[in-house]
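Chemist: the following comprises the amino acid sequence and a computationally predicted model.
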Amino acid sequence: MNRMIINKYKPKFDQLTGYDKTLFAFTASVILVSLYVYACTCSLEKTETTNQLALFFFVIKSLDYLAIVMIVFGLIFSNERFRQLQQLLGLVMLGAVSTVIILQFIPCMVDDRTVGEIKYALLCPQYSIISWINLLWFSIIGSANFALPILIRKK
């Protein structure tokens, strides 16, 4: 009886191809790097500094929209492959958020602030309140993307 319940709620990725998994491995690395750069540099205020980081901020904003669209489409469409992609995106987001949270506690790698504002922020991570709120938000929508297909899967 317990085994049937576990199998019903266990994540399944059997309909995903090797191409899908490779694409998500690349996506996971892009999300991880962008989320780390965003969390470390979110509180920087100089315009020229934020202009240099525009690509990372764009990736994070796109990820936010993509995750919300995946939740909405997951509720509308009942395609099992799409649900598995949604669930994999949720796992990728949760893994990236967890890794970024752990990386916040690494020791400072430089002692001098003359290395540059962006480099210092990346090598001595000190997240702002906005960074923590965004990490919480990404963990919530990552959890929703992961759990929603499990909860609505018909068996």
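Modeler: Everything's here; your move. Remember, it's a predicted structure, so these values are computed and weren't measured experimentally.
Chemist: return the residues in contact with Y19.
Modeler: With contacts defined as C-beta atoms under 8 Å, 6 or more residues apart in numbering, Y19 has no neighbours. The way it works is simple: take the backbone N, C-alpha and C, and place the C-beta from them, glycine included.
Chemist: sorry, slip of the keys, the one I care about is C108.
Modeler: If you count contacts by C-beta under 8 Å, 6+ apart, C108 has them with L123, C124.
Chemist: so where do the strands sit in the protein?
Modeler: With DSSP state E as the definition, the chain shows no strands.
Chemist: pLDDT-wise, which helix or strand of it ranks last?
Modeler: None of the helices or strands of the chain scores lower by mean pLDDT, DSSP states H and E than helix 2-9, at a mean of 61.
Chemist: tally of neighbours for the residue nearest to I101 when sequence neighbours are not counted?
Modeler: Distances taken as C-beta to C-beta, 6 or more residues apart in numbering place L135 nearest to I101, at 6.3 Å, with adjacent residues excluded. Using other C-beta atoms under 10 Å, the number of residues around L135 comes to 21.
Chemist: ditto for G90
Modeler: Around G90 there are 26 residues (other C-beta under 10 Å).
Chemist: one more: the one 5 residues further on?
Modeler: Other residues within reach of G95, judged by other C-beta under 10 Å, total 14.
Chemist: let's number from 826 now, not from 1
Modeler: Taking 826 as the first residue, the last one we looked at is G920.
Chemist: that one and A853 touch, don't they?
Modeler: Yes - applying C-beta atoms under 8 Å as the test, G920 and A853 come out as touching, 6.8 Å apart.
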